[in-house]
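*Asks:* next come a sequence and a model predicted from it.
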Amino acid sequence: MEIKQAKFVMSNSDHKKCPNKSLPEYAFIGRSNVGKSSLINAMTNFSKLAKTSGTPGKTQLINHFLINEDWYLVDLPGYGYAKVSKTLRADFRKIIDGYLLNRENLLCTFVLIDIRHAPQKIDLEFMEWMGKKGLPFVIVFTKQDKLKPGAVTNAVDKYTAKLMETWAEMPPYFVTSSETKVGLDDILDFIEQINR
Ligand code: GDP
């Protein structure tokens with residue numbers, strides 16, 4: 001899919017105030033600093049669509065972007081950053097859960113995982129929760145360029161093994177880099193196929 005147009009529509013913390021549900025949407029979520037803003041910017045070819053920042057935990061709201069006048073890309077708050085207070089984390093979670101459970105037009109959520117890190121409890125628990133709620137998701141491994149090819153394969157294998165301890169099968173996954181743009185077209189093609 002070619003991105004011809006990408007525009008910011010709105011930011012809010014209440015799913016009830018999100019745009020009406022007439023278009024399909026796809027959400028992107030992950031721990032702070034996972035590379036979510038970079039991925040959204042690189043994928044849409046708009047360098048400032050999502051704000052990238054050295055300050056983890058900055059994106060606190062549900063951000064809707066309209067792509068090609070055809071579907072919404074939704075940037076969700078980064079979760080699990082240790083330096084934000086417990087209360088703030090609980091607030092994030094409430095916002096995220098409210099959104100995820102109430103958007104019938106949300107067709108898939110992309111859960112971002114930094115490929116360099118061993119499986120983290122917070123990500124695994126989040127995916128477990130998505131599964132229990134019957135919410136479709138796929139995994140996006142980020143920052144592929146930071147590892148040698150062999151190490152990439154190793155990391156994916158390790159992640160798969162960890163997930164297979166509780167899941168019957170590995171969800172679809174993408175291995176990506178916002179630096180080299182590896183895997184980004186695959187995500188867009190995946191979205192295009194669902195949209196059809
Ligand atoms: P967010 O908090 O998840 O939105 O993360 P950002 O997009 O702000 O990225 C966090 C840091 O990781 C920044 O310093 C980015 O430059 C860096 N980063 C993000 N994606 C990549 C990538 O694909 N490759 C490399 N080498 N660095 C990346």
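*Replies:* That came through, no problem.
*Asks:* so where do the strands sit in this structure?
*Replies:* Here the chain has its strands, by DSSP state E, at 6-12, 25-30, 62-67, 71-75, 106-114, 137-142, 173-175.
*Asks:* tell me where this structure has helices.
*Replies:* 36-44, 86-102, 121-132, 149-163, 184-195 (DSSP state H).
*Asks:* and this protein, which of its residues are near the ligand?
*Replies:* 30, 32-38, 52-53, 56, 78, 142-143, 145-146, 177-179 (CB under 6 Å from any ligand atom). Backbone N, C-alpha and C define where each C-beta goes, glycine included.
*Asks:* of those residues, keep whichever come out buried.
*Replies:* 30, 32-38, 52, 56, 78, 142-143, 177-178 (16 or more other CB atoms under 10 Å).
*Asks:* and which of these is nearest to residue 116?
*Replies:* The closest of these to residue 116 turns out to be residue 143 (CB to CB; 6.3 Å).
*Asks:* what residues are up against the closest one?
*Replies:* Shown in contact with residue 143 (CB atoms under 8 Å, 6 or more residues apart in numbering): 35, 114-116, 177-179.
*Asks:* same thing with residue 113?
*Replies:* 30, 34, 123, 139-142, 159.
*Asks:* coming back round to it: redo the strands of the chain as JSON lines? Include mean pLDDT and distance to residue 152.
*Replies:* JSON lines is the format used below for these (pLDDT from 0 to 100; distance: least, CB to CB, whole Å):
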{"stretch": "strand 6-12", "mean pLDDT": "90", "distance to residue 152": "28"}
{"stretch": "strand 25-30", "mean pLDDT": "97", "distance to residue 152": "18"}
{"stretch": "strand 62-67", "mean pLDDT": "93", "distance to residue 152": "28"}
{"stretch": "strand 71-75", "mean pLDDT": "96", "distance to residue 152": "25"}
{"stretch": "strand 106-114", "mean pLDDT": "98", "distance to residue 152": "12"}
{"stretch": "strand 137-142", "mean pLDDT": "98", "distance to residue 152": "8"}
{"stretch": "strand 173-175", "mean pLDDT": "98", "distance to residue 152": "6"}
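*Asks:* I'm done for today, thanks for sticking with me.
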